[in-house]
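Visitor: give me coordinates for this.
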Amino acid sequence: MLFGLPWYAVVGLVAVVGSMILAFQQQKLELREKNSQNNQEIDELRKMVHTMKNRIENLEAIAATNPREFKSDSLGDIEIPQEDAIKEAHRRTVSNLAQQRG
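Guide: Numbers count the residues shown, from 1 in each chain. Below you'll find the predicted structure:
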């Protein structure tokens, strides 16, 4: 008898405590694996951020050396110029539709 318990109670108690310790160790291993995966992902993200910073710095350097190439004050560069005849045809079409409805 150990601690006033019969041998079969001690065996059962040891089995329960042993299974609890085993479950705890397995959880610890799972957390370590997750941490290592998270650390790998963090390292990959840091590398990506570093490369993006380098690319941005390169683009800023290019823009600083030739600022006139990147400057566009007029909308003429963006918009497609239409001929006056096309504009007038559209105006007439809209006015005809308005007269028919109105």
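
Visitor: what is the neighbour count of residue 9?
Guide: 13 (other Cβ atoms under 10 Å). Every C-beta, even on glycine, is put in place using the N, C-alpha and C of the backbone.

Visitor: roughly how far does it sit from residue 43?
Guide: As for residue 9, its distance to residue 43 is 51 Å (criterion: Cβ to Cβ, to the nearest Å).

Visitor: could you do residue 99 as well?
Guide: 70 Å.

Visitor: give me the most central residue, this protein.
Guide: The C-alpha lying nearest the average C-alpha coordinate of the chain belongs to residue 45 (Cα atoms, centre = their mean; 10.0 Å).

Visitor: helix, strand or coil for that one?
Guide: Of the three states, residue 45 takes helix under DSSP: H, G, I helix; E, B strand; the rest coil.

Visitor: how much space separates it from residue 39?
Guide: 11 Å.

Visitor: can you list the weak-confidence ranges in the protein?
Guide: Where the chain drops to pLDDT under 70, the residues are 1-3, 66-82, 102.

Visitor: gap between the helix or strand encompassing residue 57 and the chain center?
Guide: For residue 57, the element it lies in under DSSP states H and E is helix 7-65. Distance of helix 7-65 from the chain centroid (Cα atoms, centre = their mean, to the nearest Å) equals 19 Å.

Visitor: residues in contact with residue 83?
Guide: With contacts defined as Cβ atoms under 8 Å, 6 or more residues apart in numbering, residue 83 is in contact with no residue.

Visitor: okay, it and residue 90: tell me how far apart.
Guide: 11 Å.

Visitor: now swap in residue 31 and tell me
Guide: Taking Cβ to Cβ, one finds residue 31 at 68 Å from residue 90.

Visitor: could you do residue 4 as well?
Guide: Taken as Cβ to Cβ, the span from residue 4 to residue 90 is 103 Å.

Visitor: so those two - more neighbours on which side?
Guide: Counted by other Cβ under 10 Å, residue 4 and residue 90 do not tie: residue 90 has more neighbours, with 11 against 6.

Visitor: that one: which element?
Guide: Counting by DSSP H and E, residue 90 is part of helix 84-101.
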